[in-house]
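S.K.: sequence plus the predicted model coming up.
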Amino acid sequence: MTYYRALVEAFTNAGPSPLVQELERVVSESERLALDQKKPQN
């Protein structure tokens, strides 16, 4: 996920756009899901 987060930051620094906003949304959701997978299941 670090790679995709770095891409979001680089693209954001280059200038905002709807595509960059969507990438940010997808990467954030993917990070959230990855953290949920690491939590112990009861």
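M.R.: That came through fine. Numbers count the residues shown, from 1 in each chain.
S.K.: what about the chain, any weak spots by pLDDT?
M.R.: 42 (pLDDT under 70).
S.K.: switch the cut-off to 90
M.R.: Residues of the chain that meet the criterion pLDDT under 90 lie in 1, 16, 37-42.
S.K.: quick one, what contacts L7?
M.R.: By Cβ atoms under 8 Å, 6 or more residues apart in numbering, the contact list for L7 reads 23, 27. All C-beta spots, glycine's among them, are computed from the backbone N, C-alpha and C.
S.K.: host element of it?
M.R.: Taking DSSP states H and E as the definition, L7 sits inside helix 2-14.
S.K.: chain center to that helix: distance?
M.R.: 9 Å (Cα atoms, centre = their mean, to the nearest Å).
S.K.: pull the CA atoms of it into PDB?
M.R.: In PDB, the C-alpha atoms belonging to helix 2-14 read as follows (Å, rounded to 0.1, in the frame of the first residue of the first chain):
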ATOM      1  CA  THR A   2       3.000   2.300   0.500                       C
ATOM      2  CA  TYR A   3       3.600   2.500  -3.200                       C
ATOM      3  CA  TYR A   4       0.000   3.500  -3.900                       C
ATOM      4  CA  ARG A   5      -0.100   6.100  -1.100                       C
ATOM      5  CA  ALA A   6       3.100   7.600  -2.600                       C
ATOM      6  CA  LEU A   7       1.500   7.800  -6.000                       C
ATOM      7  CA  VAL A   8      -1.500   9.600  -4.500                       C
ATOM      8  CA  GLU A   9       0.800  12.100  -2.800                       C
ATOM      9  CA  ALA A  10       2.900  12.700  -5.900                       C
ATOM     10  CA  PHE A  11      -0.200  13.200  -8.100                       C
ATOM     11  CA  THR A  12      -1.800  15.500  -5.500                       C
ATOM     12  CA  ASN A  13       1.300  17.600  -5.400                       C
ATOM     13  CA  ALA A  14       1.200  17.900  -9.200                       C
END
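S.K.: alright, I will stop here.
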